[in-house]
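Participant: output the structure for:
(2 chains)
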Amino acid sequence: MPSNLAIKFLIVLVFGLQLNAQNDSISQKSKASKVAVLFDDERQYFGAVALTYQNPMSYGDNFIGEGFEGKGGYNFRIQVYVLKNFFVGFSYGFSQFDNIKKELLGNYNESSVEEISGILGYEFVPLPRVRLGVNASILGRATLSNSIQSGYANRDFGKLRNFGINLEYEFIKNLNIFVEYNWRKIKSEIEVPDELVSFFKEGTYNTFSIGLKFNFGDIDLADVVSF
Amino acid sequence: MSKRLSLAIWLILIAFFSCEDTEIENNIRVLVHGNVVDQNAQPIAGASIRVYADANAVGADRVLLGEGVSDATGNFSVTSLFGPNDLFLVDVSLNDQFSTYRYQTNTEEFTPFNLTFNLETVELNELATFTYNIIRESGENNTLQYRFTYFDSNCIEVFEEGVLDESQSFCNSLRFTGSNLNNLSPNAENRSFIVPIQSQVEFTYSINEGEEVSEIITINSADYAFEFSY
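Facilitator: Just a heads-up that it's a prediction; the model follows:
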């Protein structure tokens, strides 16, 4: 329930900030870069926050691919543009799965995967109002909370790797509709018998996300520092 | 007085909160495997394998950690959660027509080699209902003392750090049932007990407190009826 409240608060925050920005007009002018798609100073931001609903889809011959079926999840990301459209940020989210192979994984009904990582990425500007981004996780951690029976749970831990590609359309000034595909791998720390090591050592899944991204500021961090 | 009262409250609180709960460890799985056969060494498919943990303390629940079924060759391999508890149980069963098997050990300070519990061959015996009727036909004042000695249909094997502890195990243990028949209760009609099929039941009796006589009965059908008159 606290996570739902946080999500509602963020939605209100994003729209509130957006209403505040309604008086600005969206500039269609683009200051030419040497490579047109790399950046556009007229569309430069200091940072952004994004909130998405994500649909996890497990795959592969591993404990997640064989034993999990995705249900849904959310992701929150905050990022700062360090130099032009190169950004660093922080991503927090979770993906819900049903355990469909208890014989292979142990007796729990569902697992909630908490995904925390730093992110590095770059956003290209190939068309007016459109941004195309790529990103990768750094120092990612995953915690799988397994629901057993009433009052009982256990957890599995692992390192999270994530690569994502996203497409955005700025439909209102500073507010983008945002779709993203992510490839995720969890290098698990689960201790298992020798014959199960290859099955449990990593788990793989994809997520397809859709949500909103709110941009703020109009210069990158490098320019802020240089002032 | 108030000091004594507060001390008593503290002791009650300490006792209440010190109750052990069943523990399930993070970041670990164990493998439970073996093979299920019947009394003729034929594989049993579809046998249920259930793995439980139980702190065996006041308020502690028995938690199902893993479950699976045996395949067409009787083999099973179940991945299970694990934890340090007084009881770690593996129950193997098929249905009411077969005996049950339980593997029991303590995992508070024991973790199996390679995180694997190998139950090897588990035998589930087909069961028979042994129904008996003992009727007095010799007239009043004749008495009969009788008892049946038979094998218990179920099996519990207790292991200590991977080694079978026969003193705590109950497999193929003997059971007894019997009574004294006299003028108050001259007959024993439609009484029954469950035995493994193909096992033997010993019927021992004594008429009018005379010499004991024994008969060995081999159970060769699922509904075995035994008739005796004196």
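
Participant: the residue of chain B found nearest chain A: helix or strand, and which one exactly?
Facilitator: Residue nearest to chain A within chain B: B:G68 (3.8 Å; Cβ to the nearest Cβ). (Glycine included, C-beta is placed from N, CA and C.) Using DSSP states H and E, B:G68 sits in strand B:62-69.

Participant: just A:G70 next, same as before
Facilitator: Assessed by DSSP H and E, A:G70 sits inside strand A:68-83.

Participant: starting from that strand, tell me which strands it pairs with and how they run.
Facilitator: Its sheet considered, strand A:68-83 pairs with strand A:47-59 (antiparallel), strand A:86-99 (antiparallel) by DSSP bridges.

Participant: can you give me the helices for chain A?
Facilitator: When assigned using DSSP state H, the helices of chain A occupy the ranges A:2-20, A:63-67, A:102-105, A:197-200, A:221-226.

Participant: dump the strands paired with strand A:68-83 into JSON lines; add mean neighbour count as well.
Facilitator: Listed next are the strands paired with strand A:68-83 as JSON lines, based on neighbours: other Cβ atoms under 10 Å in any protein chain shown:
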{"stretch": "strand A:47-59", "mean neighbour count": "20"}
{"stretch": "strand A:86-99", "mean neighbour count": "19"}
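
Participant: out of the ones you listed, which is closest to B:P43?
Facilitator: strand A:86-99 (28.0 Å; Cβ to Cβ).

Participant: break chain B down into its domains, please.
Facilitator: B:19-123, B:127-153+B:173-229 (automatic domain parsing).

Participant: hey, which of these is tucked in deepest?
Facilitator: domain B:19-123 (a mean of 18; mean count of other Cβ atoms under 10 Å in any protein chain shown).

Participant: who's in contact with the closest residue to chain B within chain A?
Facilitator: The minimum distance from chain A to chain B, using Cβ to the nearest Cβ, falls at A:E103 (3.8 Å). Residues near A:E103 by Cβ atoms under 8 Å, 6 or more residues apart in numbering or on different chains: B:66-69, B:77-79.

Participant: reformat the strands paired with strand A:68-83 as JSON lines; add distance to B:N95.
Facilitator: Below are the strands paired with strand A:68-83 laid out as JSON lines (distance: least, Cβ to Cβ, whole Å):
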{"stretch": "strand A:47-59", "distance to B:N95": "34"}
{"stretch": "strand A:86-99", "distance to B:N95": "26"}
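
Participant: for the ones you listed, could you give me CSV that also reports mean pLDDT?
Facilitator: Below are these laid out as CSV (pLDDT from 0 to 100):
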stretch, mean pLDDT
strand A:47-59, 97
strand A:86-99, 96
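
Participant: about what we covered before: just the C-alphas of the strand holding B:G68, formatted as CSV.
Facilitator: What follows is strand B:62-69, C-alpha atoms only, in CSV (Å, rounded to 0.1, in the frame of the first residue of the first chain):
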residue,chain,number,x,y,z
ARG,B,62,4.4,-26.7,9.9
VAL,B,63,5.5,-25.0,6.7
LEU,B,64,5.4,-26.7,3.3
LEU,B,65,8.8,-26.0,1.7
GLY,B,66,8.6,-28.1,-1.4
GLU,B,67,6.4,-30.6,-3.3
GLY,B,68,6.4,-32.7,-6.3
VAL,B,69,5.4,-36.1,-7.7
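
Participant: quickly check: the helix or strand following it near chain A or not.
Facilitator: Note on strand B:62-69: by DSSP H and E, the next helix or strand toward the C-terminus is strand B:75-80. Yes - using Cβ under 8 Å from any Cβ of the partner chain, strand B:75-80 reaches chain A at B:77-80.

Participant: can you list the strands that strand B:75-80 pairs with?
Facilitator: Applying DSSP bridges to the sheet, strand B:75-80 is found paired with strand B:30-37 (antiparallel).

Participant: so the closest residue to B:Y103 other than its chain neighbours bridges to which residues?
Facilitator: Nearest non-adjacent residue to B:Y103, counting by Cβ to Cβ, 6 or more residues apart in numbering or on different chains: B:V90, 4.0 Å away. Counting by DSSP bridges, B:V90 is bridged to B:V51, B:Y103.

Participant: any idea how far B:E161 is from B:V90?
Facilitator: Shown here: B:V90 relative to B:E161, a distance of 16 Å by Cβ to Cβ, to the nearest Å.

Participant: with A:Y45 instead?
Facilitator: For A:Y45, the distance to B:E161 (Cβ to Cβ) stands at 63 Å.

Participant: higher neighbour count, the two?
Facilitator: A:Y45 (21 against 12; other Cβ atoms under 10 Å in any protein chain shown).

Participant: residues touching the more buried one, list them.
Facilitator: Neighbouring residues of A:Y45 by Cβ under 8 Å, 6+ apart: A:81, A:174, A:215-218, A:220.

Participant: what do you get if the cut-off is 10 Å, keeping everything else the same?
Facilitator: The neighbourhood of A:Y45, defined by Cβ atoms under 10 Å, 6 or more residues apart in numbering or on different chains, consists of A:79-81, A:85, A:87, A:123, A:131, A:174, A:213-220.

Participant: filter those residues down to the buried ones, ChimeraX style.
Facilitator: Buried residues within those, by 16 or more other Cβ atoms under 10 Å in any protein chain shown, are selected in ChimeraX with:
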select /A:79,80,81,85,87,123,131,174,213,214,215,217,220
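
Participant: so of the contacts of A:Y45, which ones are in strands?
Facilitator: Judged by DSSP state E, the contacts of A:Y45 include A:79-81, A:87, A:123, A:131, A:213-216 as members of strands.

Participant: having no further points to raise, I will conclude here.
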